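Asks: let's see this in three dimensions:
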Amino acid sequence: MPVVHDIQAAHPGAVVDWVVEPGFAPLVRRVKGIGEVFECAQRRWRKAWWTPEVRAEWRAFKAMLKAREYDAVIDLQGLTKSALVARLARGRRYGLANRTEGSGYEAPARWLVDEAITMTPHIHALDRSRELAARALHHAVEGSPVFGLQWHGPLCEVPTLVFVHGTSRDDKLWPEDHWIELGKRCVQSGYAIVLPHAGEAELERARRLATGIGPQASVWPSMSLDAVVDRMGGTQGVIGVDSGLSHIAVALDLPHVQLYNFPTAWRTGPQVSHGHRHQVSIEREPTPEVDLVWAAWQVVRRVGRGS
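Replies: Numbering: from 1, shown residues only. Predicted coordinates for the structure are as follows:
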């Protein structure tokens, strides 16, 4: 998302289109200044590529992608599948020439673009994308990242914190007793706690946490990604494990403490170098202590949103 802002700041009037999996299209359509959003359902198409319906969708997708001549086509992912999509578009293509630490880079991607750009191996994922676009379009990376993710809805009537407790990997989870202890501290300081979830296991955990924290904690109903963004945007902050919702909290510019059980926050988490003092990463092995997370929250809440 900051790449879109960077391009338009450096090249006023630039039109930026985006190819994305359908599940994330609602997020992309909320980015300030975005042009066309092309939904590319590669995961679903691969499962039924031989069917007439999928072949028709693929032809329609290619036709939309080829309808415009681009000044630049940038593959930010460095995957074979993303580079193949970039190759379909009309325009000079740019991509990654090498793997950076912790990335899912695939070597064939460099041969599918017209210009492969070498990156410093030890680089934050956000900085890598900003730097790649800047070098492709000949502008400098300047200032803190601006995500431009827009939410629509009212602010919560009472101070409210979101606890992002769910993640796709069990080894990233934070202990339930830690959540309950932290939740009770937050309630005592005047906050209501809300608990989102995705899937049955997360729903059951959310219910256990709400019961443990007390009546000031509630479980959000199942909702679309759009609705989650709008609800989260109206809260006063987020504390969460390394997961998609925590990264959405960063993009919404909310006060945020992001929890890591591994020393990998440098790669994807909020950074002091990004200039956002109200968002921090906390990492400890085997897991961050409650006192440490509580202290970090006291700092970011005092700094405030957008600082």
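
Asks: could you pull out the helices for the protein?
Replies: Listed in chain order, the helices of the chain (DSSP state H) span 2-10, 25-28, 42-47, 52-65, 80-88, 108-111, 125-137, 176-188, 200-213, 225-233, 244-251, 265-268, 290-303.

Asks: I'd like these as TSV, with mean neighbour count, distance to residue 94 and mean pLDDT appended.
Replies: (Glycine included, C-beta is placed from N, CA and C.) Shown next, in TSV, are those (neighbours: other C-beta atoms under 10 Å; distance: least, C-beta to C-beta, whole Å; pLDDT from 0 to 100):
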stretch	mean neighbour count	distance to residue 94	mean pLDDT
helix 2-10	20	12	98
helix 25-28	18	20	96
helix 42-47	13	20	93
helix 52-65	13	16	96
helix 80-88	18	8	96
helix 108-111	16	11	96
helix 125-137	20	4	98
helix 176-188	18	43	98
helix 200-213	16	38	98
helix 225-233	19	29	96
helix 244-251	22	24	97
helix 265-268	18	22	96
helix 290-303	16	36	96
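
Asks: can you redo those as JSON lines with distance to residue 149?
Replies: Below are the helices of the chain laid out as JSON lines (distance: least, C-beta to C-beta, whole Å):
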{"stretch": "helix 2-10", "distance to residue 149": "10"}
{"stretch": "helix 25-28", "distance to residue 149": "7"}
{"stretch": "helix 42-47", "distance to residue 149": "23"}
{"stretch": "helix 52-65", "distance to residue 149": "24"}
{"stretch": "helix 80-88", "distance to residue 149": "21"}
{"stretch": "helix 108-111", "distance to residue 149": "27"}
{"stretch": "helix 125-137", "distance to residue 149": "13"}
{"stretch": "helix 176-188", "distance to residue 149": "24"}
{"stretch": "helix 200-213", "distance to residue 149": "23"}
{"stretch": "helix 225-233", "distance to residue 149": "7"}
{"stretch": "helix 244-251", "distance to residue 149": "4"}
{"stretch": "helix 265-268", "distance to residue 149": "17"}
{"stretch": "helix 290-303", "distance to residue 149": "18"}
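
Asks: which of these sits closest to residue 194?
Replies: With C-beta to C-beta as the criterion, residue 194 lies closest to helix 225-233 of the helices of the chain, at 7.8 Å.
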